[in-house]
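A.B. asks: the following comprises the amino acid sequence and a computationally predicted model.
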Amino acid sequence: MFGRSRPVLFEPHGRRRRAGPPRWLVLLLAGIAVGAAAVVVVQERYLPPRLSADVGAQLRGAFERASTERASLQRELDQTGQRLTAALAERQRLAGELAASRTATAGLQQDLAAAVDALPADPRGAAVQVRAARFTTTRDGRLAYEVVLTREHAAGKPFTGQMQLVVAGEAARGPDPSVTLTPIAFTMGRQVVLRGSAPLPAGFRPRQSTIQVLDRSGGRTLGMRVLRVERGAPD
């Protein structure tokens, strides 16, 4: 029972620890390394490639230029919208003026029709009646005329014809001549007022004018009337 005994070592400072870093630190560092490696692997395999500094600068410059162009286009769009709004307002104003002008024109046409109806009828009762006319001489030796023509049957299309003036008068020398003026073309519905002037020969003093309404140049006479020419020049 009393076997051989082993020597007992005396450690004054307790049990001696192993040399080296603690296990928790080793595990922490290993985890950091594995995480970094995983991040690198994900970036290389699954994420878009990382941009260099030059490429990044180019992208920033392109973005800034695009932003500037966008702002410029927005300003142009705003200006175009303002011009469009102004154009629409002007169009509405002109449409209002046109409507008012048409109303005024219709009123004037009614007044003219009433005034023409109040004129004495053409005694000849032709297809186209010469209801009234006024002839005067101007200061420069021209014949000024105002002629009112009407027709009773005006339900169809407008009538196109010519007015021929044959002026009789006194010449400076020789027998009393007559002057045939250039035909005057016109188009009329129920009535028309023809105004204008025509040249006369030098020294010719008109006395009366024959109005002939023709269906065409040298054609059939549809109306006629003879009226005197007033002396003097109108204002």
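C.D. replies: It's in.
A.B. asks: please make it C-alpha for all contacts and neighbour counts, starting now.
C.D. replies: OK.
A.B. asks: could you list the low-pLDDT ranges of the chain?
C.D. replies: Counting by pLDDT under 70, the ranges of the chain that qualify are 1-19, 43-44, 46-51, 105-119, 154-155, 172, 174-176, 232-235.
A.B. asks: regarding it, what is its longest helix?
C.D. replies: The helix spanning the most residues in the chain, taking DSSP state H as the definition, is helix 53-117.
A.B. asks: please pull up the helix or strand immediately following it.
C.D. replies: Taking DSSP states H and E as the definition, the helix or strand that follows helix 53-117 towards the C-terminus is strand 128-137.
A.B. asks: ok, back up a step: tilt between the longest helix of the chain and strand 128-137?
C.D. replies: For helix 53-117 and strand 128-137, the angle between their directions (axes from the mean of the first three to the mean of the last three C-alpha atoms, to 10 degrees) works out to 100 degrees.
A.B. asks: so how far is helix 53-117 off the chain centroid?
C.D. replies: The chain centre lies 9 Å from the centre of helix 53-117; the measure is C-alpha atoms, centre = their mean, to the nearest Å.
A.B. asks: please tell me how far residue 27 sits from residue 126.
C.D. replies: With distances taken as C-alpha to C-alpha, to the nearest Å, residue 27 is found 127 Å from residue 126.
A.B. asks: elements contacting the longest helix of the chain?
C.D. replies: Under the contact criterion of 3 or more C-alpha pairs under 8 Å, 6 or more residues apart in numbering; DSSP states H and E, the helices and strands touching helix 53-117 comprise an empty set.
A.B. asks: quick one: which of residue 27 and residue 126 has more around it?
C.D. replies: Neighbours were tallied for residue 27 and for residue 126 using other C-alpha atoms under 10 Å; the higher tally belongs to residue 126 (17 against 11).
A.B. asks: now that one. Nearest residue, chain neighbours left out?
C.D. replies: Spatial nearest neighbour of residue 126, excluding adjacent residues (C-alpha to C-alpha, 6 or more residues apart in numbering): residue 223 at 5.2 Å.
A.B. asks: count of neighbours near that neighbour?
C.D. replies: Using other C-alpha under 10 Å as the criterion, residue 223 is surrounded by 22 other residues.
A.B. asks: A strand includes it, no?
C.D. replies: Yes: following the definition DSSP: H, G, I helix; E, B strand; the rest coil, residue 223 is counted among the residues of a strand.
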